[in-house]
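**Q** with the input below, show me the fold.
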Amino acid sequence: MTLPDVAERLDVSISKVHQMIRDRELLSVRRDGVRRIPADLVANETVLKHLPGVLNLLSDNGYDDEAALRWLYEPDDTLPGATAAAALSGDQAREVKRRAQAQAF
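**A** The predicted structure follows:
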């Protein structure tokens with residue numbers, strides 16, 4: 001999703017979306033020169049509950065936004081939905097956080 005699309009879905013200003021990215025509440029990457037946010041990280045009218053914590057853990061472990069995006073969407077058959085991003089929206093979110101924390105070791 002583009003940043004204006006996210007702002008509309010969350011019913012916030014575009015500057016608030018930029019602030020959420022700076023505060024690591026959301027993850028954005030450039031595709032074809034346009035900053036985008038994966039749509040499944042924005043659940044209905046909110047950001048996935050555990051996403052900010054996971055993004056901060058990954059950032060603390062040296063992951064930039066591109067690396068964090070790859071980690072979130074890397075296939076993992078041991079998680080529901082087969083990716084960490086998909087598991088964040090279910091009852092395995094704590095397991096995803098645990099795995100993100102373990103990246104430091």
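
**Q** which parts of the protein are helices?
**A** Here the chain has its helices, by DSSP state H, at 3-10, 14-22, 51-60, 65-73, 84-87, 93-102.

**Q** and the ones you listed: which comes nearest residue 42?
**A** Nearest to residue 42 among the helices of the chain is helix 3-10 (5.7 Å), distances taken as CB to CB. Heads up, the C-betas are built off the backbone N, CA and C, glycines and all.

**Q** quick one: residues in contact with the helix-or-strand element of the chain with minimal mean pLDDT.
**A** In the chain, no helix or strand scores lower on mean pLDDT, DSSP states H and E than strand 42-43, which sits at a mean of 82. Under the contact criterion CB atoms under 8 Å, 6 or more residues apart in numbering, strand 42-43 has outside partners 1, 6, 9, 10, 26, 48, 89.

**Q** ends of stretch 18-38, what's the gap?
**A** End-to-end distance for stretch 18-38: 15 Å, by CA to CA, to the nearest Å.
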